[in-house]
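1. structure, please.
(chains A and B)
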Amino acid sequence: MPQFAIIAVSILFDGLAYAMFLFITSVGLSVTMGLMGFVNLAHGAFAMAGGYIVVSLTRNLGIGFAPSLAIAAVAVGAVSVLFERGLYRRLYKATDLEQVLLTIGLAFMAIATATYLYGPIPKSVPLPTWLQGDISLGFRAFPTYRAFLIVLGIVLISVLWYGFEKTNIGAKIRAAVDNRRMAESVGINVDLLFTLTFALGSGLAALGGGLAIQLFGLSPSFAVLYLVLFLIVVAVGGLGSLKGTLLAALVIGVIDTGGKYLYAEAGGFFIYAITVIVLLIKPAGFYGRE
Amino acid sequence: MKILGWAGVAALAVTLGATAQAENIKIGVVAPFSGANADLGQQIDKAIDLYVKLHAKDIAPHTVQIVKRDEGPPTGANAKTVATELITNDKVQILTGFAFSPSAIALAPVVTQAKIPMVIANAGTAWITNLSPYIARLSFSMWHHGYPMGAYAFDKIGCKSAALAYTDFPPGKDSTEAFKTGFEKAGGKITESIPLGSPVQVPDFTPFFQRIKDSKPDCMYVFIPSGAHATGVTKAYGELGMRKAGIKLIGPMDLIPDNKLQDMGDAAIGTIVMGNYAVDLDNAENKAFNEAWHKEYGKDSYPDFMSAASWDTMHAIFDTIKKVKGDLSDGGKFIDAMKGWTGKGPRGTVSIDADTRDIVQDEHAMEVIRKADGKLGIKVLGTTKAVKDECKVLKIGRCGS
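-> Coordinates of the predicted model:
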């Protein structure tokens, strides 16, 4: 295989793995913003909480990495319902500024709590042997963990796609995102629907947080450090659009990786360049409502 | 009775006169206590607290009061605000800490104007000490590790070609420049030099390292601001199978901070760094330091090179307080008194160069190994005694001014 093809495959592979992480972590944020117009800056804190649960389960209780991921996602999803019912609900009709103040405050409280419980030193998790090492495809070896990210991402996307496009509940969510008042007037319980999607989104964020430990390490500041990245994915994809979030994650993941590989000197510039260009052409993102 | 009363007042006055000699010296500590690098602040803070706890009696009758402030992110802006506050509101007489070069650089004009001694416990950009006559540094210059590593990598590790990768802020450029100067002088060839983005967040290192892997240099010299970045580098390096591909990971000791080493796993084994400290360094002071540390902070807490430098920083400050008899009224005199200071600490014997106010210390080439007890540790491959900051010796760039 010629050199440039090998490089292209390699960029696609790494970019795809990165995109899957971006998608899993951001999709909940997109749905929350699209469905309720609620700006949830504490989304990163849910991801961080998921990460720390995975750390505790694997290190202190000796539970495997994969079951820990699942437990973290379910636990955070369940707890997020309390936040949604107890706090967020009160501010649905409030201004963006009030929502931002509440949620960024929650994020800072989460950082302080995590620092208190786990200390500021970054944590890592022991990976099971089946996720270590690399898979050789003859012309090139690929890290197993990243292959796992891609597979997991594809599975989740299929499930979400099926749920959104083919089930009754999915149709209701799409209806509510499109026109909330109309959906309510035909008898859809948008409040309940929203609680469910909020829990799902937070649970996915927690899963993303657990997956991110191996990529970035996990420290309390995770709650806000990567939030910008998630917000970029949401803005580029369009609020509330599953398709949009996926496309944005793919474009950003692959171009960011490719940019860093091919033009390393320009480093982190590409991600912002794409954001600016996309938003200039389509201010509401790929699939957002204008 | 009346006479007795007056005598009592006189006696009291005499006692007061005597105790007025005992000064309470306020020391401001600026270190990152929040954000992605909060653990660096902890490493500095713990060492300072421990030193004060164990050695407060050394400066009797004088006492010190430590006032701590958050250095914030590695941009310098926050550090400048809090340090200015420490000087103007809290009236501190000495400033110390400073994990990040941008903070120290931003503060240099402030301490010059305020005439407050600033004793740096970490920030390693070489030319910082040239920025103000009130700055002394107990940690290192990036050149302490980078420059000797150049020749060592070529002669001893077998690097004929090397790729450079660095976090894009002043010490990153400084460290790679130092290595490049030493490495090219020895005959090595630099294949490329890659900035790894800002120090604020840990990037995905994979695309950068994949690129280096494909260009097949003998070695990869990486500078990152210790902390969370270090773990990220080791993981990406291990995941990509770069050691198997024959590319050795080398760098300054920031790559393998002692408090994160156990977490890095097998990927770290074989990494060779140049540095001034490791928990495993074999000297009496270091053993005592580690024992005191574990006793205070538990067996799973480790000091690292920042802790060792912070310890020596307090040692030098305390010795100088004794030397000037607690008189901090003139910051210039305090710094003058610190020039030429020599002390024994966890890093062995270190001293302050009288001309540059920068540290003179031993440098060790160290390799990460799996020790007999199953833990990761280091093996000292070679030691160079009493290394000065070569950037100022060679007068390179801003070091010459």
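
2. check which residues of stretch B:203-218 are buried.
-> B:203-213, B:217-218 (16 or more other CB atoms under 10 Å in any protein chain shown). Yep, even glycine has a C-beta here, placed from its N, CA and C like the rest.

3. closest to chain A among these?
-> For the buried residues of stretch B:203-218, the closest approach to chain A (CB to the nearest CB) belongs to B:Pro207, at 3.8 Å.

4. what segments of the stretch 1-150 of chain A are helices?
-> In chain order, the stretch 1-150 of chain A shows helices spanning A:3-36, A:43-60, A:65-86, A:96-118, A:144-166, with DSSP state H, counting those that start in this stretch as the criterion.

5. dump the buried residues of stretch B:203-218 into a markdown table; add secondary structure as well.
-> Formatted as a markdown table, the buried residues of stretch B:203-218 follow (DSSP: H, G, I helix; E, B strand; the rest coil):
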| residue | secondary structure |
| --- | --- |
| B:Pro203 | coil |
| B:Asp204 | coil |
| B:Phe205 | coil |
| B:Thr206 | helix |
| B:Pro207 | helix |
| B:Phe208 | helix |
| B:Phe209 | helix |
| B:Gln210 | helix |
| B:Arg211 | helix |
| B:Ile212 | helix |
| B:Lys213 | helix |
| B:Pro217 | coil |
| B:Asp218 | coil |
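
6. re earlier: so which of the helices of the stretch 1-150 of chain A is nearest chain B?
-> helix A:3-36 (5.3 Å).

7. state the mean pLDDT of the closest one.
-> When pLDDT is averaged along helix A:3-36, the result is 90.

8. show the average pLDDT along the helix or strand hosting A:Val224.
-> Using DSSP states H and E, A:Val224 maps to helix A:222-225. Helix A:222-225 shows a mean pLDDT of 90.

9. could you list the contact residues of the stretch 51-200 of chain B toward chain A?
-> Within reach of chain A by CB under 8 Å from any CB of the partner chain, the stretch 51-200 of chain B has these residues: B:168, B:192, B:194-198, B:200.

10. so which of those residues comes closest to A:Phe108?
-> Nearest to A:Phe108 among these, counting by CB to CB, is B:Val200 at 16.7 Å.

11. pull the number of nearby residues for the residue nearest to the closest one when sequence neighbours are not counted.
-> In space, B:Val200 comes closest to B:Pro73 once its chain neighbours are excluded; the distance is 5.5 Å by CB to CB, 6 or more residues apart in numbering or on different chains. Neighbours of B:Pro73 under the rule other CB atoms under 10 Å in any protein chain shown: 22.

12. what's around residue 97, how many residues?
-> In the absence of a named chain, chain A is used. 9.

13. should've been chain B
-> B:Gly97: 30 surrounding residues under other CB under 10 Å.

14. hang on, it packs against B:Leu40?
-> No - look at B:Gly97 against B:Leu40 with CB atoms under 8 Å: they stay out of range, at 10.1 Å.

15. give me the common contacts of those two.
-> Common contact partners of B:Gly97 and B:Leu40 (CB atoms under 8 Å, 6 or more residues apart in numbering or on different chains): B:31, B:122.

16. lowest average confidence, helix or strand, in the chain?
-> Reading this off chain A. strand A:134-136 (a mean of 84; mean pLDDT, DSSP states H and E).

17. sorry, I should have been clearer: chain B.
-> Lowest-scoring helix/strand for chain B, mean pLDDT, DSSP H and E: helix B:2-19, at a mean of 51.

18. give me the next element, helix or strand, following that one.
-> The helix or strand immediately downstream of helix B:2-19 is strand B:24-31, counting by DSSP H and E.

19. that following strand pairs with which strands, and in what direction?
-> strand B:63-70 (parallel), strand B:94-97 (parallel) (DSSP bridges).

20. ok, B:Gly76 to A:Leu137 distance?
-> Per CB to CB, to the nearest Å, B:Gly76 is found 46 Å from A:Leu137.

21. no no, A:Tyr52
-> The value you get for A:Tyr52 to A:Leu137, if CB to CB is used, is 35 Å.

22. shaky segments in the stretch 1-150 of chain B?
-> Counting by pLDDT under 70, the stretch 1-150 of chain B contains low-confidence residues at B:1-20.

23. can you name the residues that contact the residue in it positioned nearest to chain A?
-> The minimum distance from the stretch 1-150 of chain B to chain A, using CB to the nearest CB, falls at B:Ala38 (3.5 Å). Residues in contact with B:Ala38 (CB under 8 Å, 6+ apart) are A:115, A:120, A:219-221, B:32.

24. and the residue lying closest to A:Leu160 once chain neighbours are set aside, what is it in contact with?
-> The spatially closest residue to A:Leu160, leaving aside those adjacent along the chain, is A:Leu242, at 6.2 Å (CB to CB, 6+ apart). The contact partners of A:Leu242, by CB under 8 Å, 6+ apart, come to A:27, A:30-31, A:160-161, A:164.

25. grab the nearest non-local neighbour of residue 186.
-> Since no chain was named, I'll use chain A. Closest residue in space to A:Val186, ignoring its immediate chain neighbours: A:Ala175 at 7.9 Å, by CB to CB, 6+ apart.

26. try chain B instead
-> B:Phe154 (3.9 Å).

27. what about that neighbour, distance to A:Leu215?
-> The gap separating B:Phe154 from A:Leu215 is 33 Å, by CB to CB.

28. helices of the stretch 101-250 of chain B, residue ranges please.
-> For the stretch 101-250 of chain B, helices defined by DSSP H, counting those that start in this stretch occupy the ranges B:101-114, B:142-152, B:170-186, B:206-215, B:226-239.

29. what number of residues lie near B:Ala77?
-> Applying other CB under 10 Å, I find that B:Ala77 has 12 neighbouring residues.

30. per-domain residue ranges of chain B.
-> Here the domain assignment for chain B is B:12-141+B:282-360, B:143-275+B:362-400, based on automatic domain parsing.

31. before we move on, what's the pLDDT of the residue in the stretch 101-250 of chain A positioned nearest to chain B?
-> Nearest residue of the stretch 101-250 of chain A to chain B, counting by CB to the nearest CB: A:Pro120, 3.5 Å away. pLDDT, A:Pro120: 84.

32. okay, now it: neighbour count?
-> 24.

33. tell me how far the residue nearest to it when sequence neighbours are not counted lies from A:Ala112.
-> Computed as CB to CB, 6+ apart, the closest residue to A:Pro120 that is not its neighbour in sequence is B:Ala38, at 3.5 Å. Separation of B:Ala38 from A:Ala112 (CB to CB): 11 Å.
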